[in-house]
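# Curious how this folds, go ahead:
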Amino acid sequence: MKRMRWCRVEITLVTIILIYCTLSGWAAEPAREIRLDSNSITGVVDKPLQILVEGVAEQLPSGHMYSVVADTLAYPGPTPPAILTGIPDTTIDCKDAGDYRIRIRVNVVNKSSCGGASVRTLLDQEVTLHVLQRTF
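Numbering: from 1, shown residues only. Predicted coordinates for the structure are as follows:
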């Protein structure tokens, strides 16, 4: 009888832990609205442009982190831009004059103590870069 009762307690604890591990990733979502400072930026060839992500929390709960993904959708010359993603700044260095289209995604990643990871997209936006030829 005691053994069956103990077995039920173990099953209940395991169930609670599994439910917690599944749901804990979304319990501490950032409450702020994430946005970019601009969706159209003008710059000059070989001078890095910065895209600022606004509204990010200064500190996230343990196990949470931001991730920025930047994809080049279109560029004018033979060389794609060099992109260094980060929070709050993403730096883009363009070698050719013309219009560039960049897709920026900001995600929050949660790594639970149970070995799993979950990702939630907070922002998915296109940015146009107007890059002018450098004048001397």
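# any weak-confidence spans in the protein?
Within the chain, the stretches with pLDDT under 70 are 1-32, 136.
# in it, which spans are helices?
2-27 (DSSP state H).
# remind me, longest strand of it?
strand 117-132 (DSSP state E).
# Check which residues of that strand are buried.
Of all the residues in strand 117-132, those buried under the rule 16 or more other C-beta atoms under 10 Å are S118, L122, L123, V127, L129, V131. The way it works is simple: take the backbone N, C-alpha and C, and place the C-beta from them, glycine included.
# what about that strand, distance to the chain center?
8 Å (C-alpha atoms, centre = their mean, to the nearest Å).
# In terms of secondary structure, what does that strand contact?
Contacts defined by 3 or more C-beta pairs under 8 Å, 6 or more residues apart in numbering; DSSP states H and E place strand 117-132 against helix 2-27, strand 35-36, strand 40-44, strand 49-54, strand 98-111.
# Just checking: what are the partner strands of the shortest one?
Right, strand 35-36. In the sheet, strand 35-36 lines up against strand 49-54 (antiparallel) (DSSP bridges).
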